[in-house]
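S.K.: could you look at this predicted model? Sequence included:
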Amino acid sequence: MVESYLGTKVELFICARNLLDKDVLSKSNPFCIVYMQAKLTGDYVEVGRTEIKTNNLNPNWNTTIIVDYLFETKQNMRFTVMDYDKECSEQLGEAFITLGEIIGRKGAKLLDMTGKGKLIIRAEEIKSIQDVLTFKLKGEHLDEKDWFGKSDPYLIIYRSLDSNTWTEIFKSEVIKDTTNPMWNQFTIPAQKLCNGDMKKPIKIECYDWDTIGSDELIGTAIVDLEHLSQHGWRFELQTPEKKLKGQNCGEIVVMDLIVKKYLSFIEYLQVGVQLNFSVAIDFTGSNGAYVDRNSLHHMNPQMPNQYEKAIWEIGSILEAYDTDKYFPIFGFGGIPRGERIANHCFPLTFDRSNPYVVGVQGLLDAYRKALPLVNLSGPTLFKNIIENVIAVAKSQPPHAAYHVLLILTDGDINDMSDTIVKIVEASQLPISIIIVGVGNDSFLSMQELDCDNGVLIDERGIKAARDIVQFVPFNKFNGNPVALAAEVLKEVPKQLTDFMSRIGYTPPIPEPISFESLYAQAALSQNAPVQSTPIASEQNVSIQNFPVNIATVQNAPVQVIPIQNVQNTPVFTAPVQDIPIQNVLVQNVPVQNATVFTPPVQVIPIQNVPVQNTHVFIAPVQDIPIQNVPMQNTPVFTTPVQDIPIQNVPVQNAPVQNVLLQKNDPFMNAPMQNAPVEIPPAFNAPVLNAPVEIPPVFNAPVLNTPIENFVMPQQGVSNLSQYAPPEAMPKFNIP
C-alpha cells in the first residue's frame, strides 16, 4: 500500500534566532512571509505568512504554512522575515532554499540569513494513516441457533461514525456447523477501521448464517484497538436479553493482531534512507563527433545539448536528497584515450578508483571534459552499466540507500536479452532505472523495458519483482526539460516505498526535535571537534565548505584529517575563527597525511617536505623548526613569526646552513649575492655576496628578509601541517 505523490501536502514549521533589532525603544516585531517560485513566470508567489511576534528576536511562530510537495519538481522557495510597522514594515533578512532540501534534511534545516539571524524550518507530511491491521480471531462456546445442529457463524465488523451510527467495513466467511469457529486471517487498513485512533469504538457482530430466512444474531460486542491489540484478549458477545440476566452468548478470542506500518516516502527520508544518484552517457558513434554542429554531443555555450539539459534538470532535483552530493558518472560505447576497444562502463573522471564528482555542475564539467578524450564507437550495451549499480547496491544494507541510475542514450540497445536479465536482478534490490532517449530515434525496444502494463520476464522465465524502469524520449516534451524531469521522476517515490515495504523495513519514526534543541545543536557544532575525516582521491575538483558545513566555526579544533592524492584542487574553506582561507592553490602536489589545526599553533615541525609551485599563506606562529626543506618556485607569504630556526635549506643549489633568524633584525635591502659560504647564526648581521639571488620576503619580519620564488623539486608532501591564514595575500613579481 503506497500513497501517490501527486498532491501530497507538507506543513512547514518556522522559527528564527538572533534577528536584527531594528526598533529604537523596543525589540523587533517579526513575521515571516513564505514564497514559492512559479514555474511559468519565474516570479515568487506568496503561499503564506506567519503571525507577528511582538518584541521578539527569537520567535517560534505558531502559524504553519501548508504547501503542495512534488518530488519530481524542483520547488524553489524564499523565506522573508519582516519587522512589522503600521506605516511601513522593514525587511530583517531572507533565505532561499528548495522544498526538496528541507524535506531531504533529517530533523530540520538551519538557514543563515547572511549575518542577519538564522531560520529553522521543519517539514512534516500531512498524510493519511498507512498502517494495515491483520486479524486472527476465533469463537468459543457460541450459542447454538440451528434446530438440528449447532451454528454457522460469521463476523461483521463496523466502524463508528458517531455515537449512534455504524458503517460495515468487513464481513468474514461462514464457518459451518460449529460453536468454536476459527476464522481465516484477514486485513483491514487502520484508517478505514478507526482512522488510526486506537481508542475509537469498533462494533463486532456475530451471526448464524441460515439458508432459509434471515440470518440470526448470536451476539454483539463494542471494543477498541487498544484492547484488541493484546494477544489472547477475549471479549463477550451479548444480546440485550442475556445482558439483563448476566449471561453471554459466547466469546471471541484474539489469536493474533499484527499492525504493519507502511511508511511514506518522506518518512523513509526522515529515518535516514539516502537517495544515491548516478549517470551513464552514450558515447556510441551514432551521436556524431562533438565538433560537428549536428552532433547530439555538440558543445555550444549558448545552447546546452539534450544530454546537458537532462542531466541538469533531473540531477538538480535529486541533488537535494543526497547529503554528500558526490555522484558517479560513467560513459559507455566509446573508446577512452589510451584504450583500443570500446568500453561499456568507464568513469568520465578516468579514475577507476574514483568515478565521483561533486554536484550537478560536476557532472556537467566531467561530461564536457571527457568529450575530446573519448572516441565514439559502439555497439549500445546497457548490461555493464546496470551491473555496476547492482554491485554498489549489494555492497550496502538494503535499507541504507536507494539508487537511481540515469541512462542517457541516442538509440535502441544491442543487448536486449542481457539487459532484461540485469533489470530483473536489479528489481530485487533498492534500484530504479531512468532511461532518457536523446535525439530522433524511434526507441521501439525501450518500451519493452518500461513494463507499466505488465511484468518484465527474462529469457530464463524469471519475473521482475517490481517495475523499476521508466523510459521517456526527450523530444516527447518538445525541448521542455522541466516537464521531462517531472515525468521520469514521478514514479521514484512509489518504487522506493514498494521496495522498503517488500523487505519489511519499517523503522520507528523519530519524534520531532524541538526548535530549541535544533538551535542548540547548531550552536554546539561551532565548538565541536571534527576528527578523522578522510578526503578521497580527487582531481580537478573544487571543494567548498568541507569538512564543516556551518559558515563560521569558532574554537573548533579540526584534527587528523588525512588528505590523499589531491591534485589541481582549489580549496575554498569556510571561515575558521573568522580567519578566511581563500585561494590556497595546491598544484601538481600529492598531499598525504596532512594534519590541519586552527591557529594559534606552536611548535609544529616541518621536515623533509618537498613543495613545488605552492602558494602558502601562514598565520602568526611561534617556534617552528624547519629542516631539510628543498623549495623551488614557491612564493611564501607569512605574517610575523618568531624564533624559527631554519636548517639545511638548499636554495637554488646554494646551501645556507645553521642560520638562526631572529625577529626585529632589519635585513630588508641586503640581497645575498655571489658568495658561497656557510653562514653562522646571524644577529643583526647582513649577509652579502651569496652565489644566488634570493628575492625578498614581503610582510615577514624574520630579519625582515624577504624570500620569494624558491624553487623546489616535484615530490610528494608528507606529514604537512597547514595553518589557516589571516587572508589571501597578493603575489609579487620580483625580477
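M.R.: Arrived safely, thanks for sending. This structure is a prediction, so every number in the text was calculated from the model and none was measured.

S.K.: straight-line length of stretch 347-365, end to end?
M.R.: End-to-end distance of stretch 347-365: 13 Å, with Cα to Cα, to the nearest Å as the criterion.

S.K.: mind listing what's buried along it?
M.R.: Within stretch 347-365, the residues scored as buried using 16 or more other Cβ atoms under 10 Å are 347-350, 354-365. Placement of C-beta: from N, CA and C, glycine included.

S.K.: can you count the residues close to Leu244?
M.R.: Using other Cβ atoms under 10 Å, Leu244 has 9 other residues around it.

S.K.: what separates it from Tyr207, distance-wise?
M.R.: To Tyr207, Leu244 is 21 Å away according to Cβ to Cβ, to the nearest Å.

S.K.: swap in Phe471?
M.R.: For Phe471, the distance to Tyr207 - Cβ to Cβ - is 52 Å.

S.K.: cool, Ala310 as well?
M.R.: 61 Å.

S.K.: Arg460 now?
M.R.: From Arg460 to Tyr207 the distance is 50 Å (Cβ to Cβ).

S.K.: compare the two (neighbour count), which wins?
M.R.: Legend: neighbour count by other Cβ under 10 Å for Arg460 and Tyr207, higher for Tyr207 (22 against 9).

S.K.: mind giving me the domain split of this protein?
M.R.: 8-126, 132-260, 272-502, 533-571+578-735 (automatic domain parsing).

S.K.: show the average pLDDT along the second one.
M.R.: Here the mean pLDDT over domain 132-260 is 89, rounded to a whole number.

S.K.: over to the longest one?
M.R.: What domain 272-502 shows for mean pLDDT is 91.

S.K.: how about the last one?
M.R.: Across domain 533-571+578-735, the average pLDDT comes to 36.

S.K.: just use 56 as the starting number from now, easier for me
M.R.: Will do, 56 is the new start, and the previous item becomes domain 588-626+633-790.

S.K.: and stretch 233-249, how far apart are its ends?
M.R.: 30 Å.

S.K.: cool, and stretch 463-470?
M.R.: Span of stretch 463-470 from end to end, Cα to Cα: 16 Å.

S.K.: what's next to that stretch, contact-wise?
M.R.: 334-337, 339, 341-342, 351, 362, 365-366, 433-438, 474, 490-494, 496-501 (Cβ atoms under 8 Å, 6 or more residues apart in numbering).

S.K.: please apply the same query to stretch 105-113.
M.R.: 69-76, 81-87, 114, 116-118, 120, 139, 172.

S.K.: again, only using 6 Å
M.R.: Arg72, Leu74, Ser81, Lys82, Asn84, Pro85, Phe86, Cys87, Pro114, Trp116, Thr118, Tyr139 (Cβ atoms under 6 Å, 6 or more residues apart in numbering).

S.K.: any idea how far Lys129 is from Asn469?
M.R.: In terms of Cβ to Cβ, Asn469 sits 35 Å off from Lys129.

S.K.: quick one, what contacts the nearest residue to Ala245 once chain neighbours are set aside?
M.R.: If the residues on either side of it in the chain are set aside, Ala245 comes closest to Asp186, at 4.0 Å by Cβ to Cβ, 6 or more residues apart in numbering. Applying Cβ under 6 Å, 6+ apart to Asp186 gives the contacts Ala245, Val314, Lys316.

S.K.: of the residues you listed, buried ones?
M.R.: Ala245.

S.K.: gap between the two ends of stretch 337-355?
M.R.: OK, stretch 337-355 end separation, Cα to Cα: 18 Å.

S.K.: ok, now stretch 126-140?
M.R.: First-to-last residue span, stretch 126-140, Cα to Cα: 38 Å.

S.K.: which parts of that stretch are buried?
M.R.: Quick answer for stretch 126-140 (16+ other Cβ under 10 Å): 126-138.

S.K.: how about stretch 446-457?
M.R.: So stretch 446-457, judged by 16+ other Cβ under 10 Å, has buried residues Val447, Ala448, Pro453, His454, Ala456, Tyr457.

S.K.: likewise stretch 251-259?
M.R.: Ile257, Lys258, Ile259.

S.K.: would you map the strands across the stretch 356-505 of the chain?
M.R.: 381-387, 389-391, 401-402, 411-413, 429-431, 456-464, 486-492 (DSSP state E, counting those that start in this stretch).

S.K.: residues making contact with stretch 422-437?
M.R.: With Cβ under 6 Å, 6+ apart, stretch 422-437 has contacts from 338-340, 345, 352, 388-392, 397, 399, 403, 466, 468-470, 474.

S.K.: inside helices: which ones of those residues?
M.R.: The helices, defined by DSSP state H, take in Thr474 from the contacts of stretch 422-437.

S.K.: show me how to select, in PyMOL, the buried members of the contacts of stretch 422-437.
M.R.: Filtering these down to the buried ones (16+ other Cβ under 10 Å) takes a single PyMOL command:
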select buried, resi 338+339+340+345+352+388+389+390+391+397+399+403+466+468+470+474
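
S.K.: since that was my last question, I'll sign off now.
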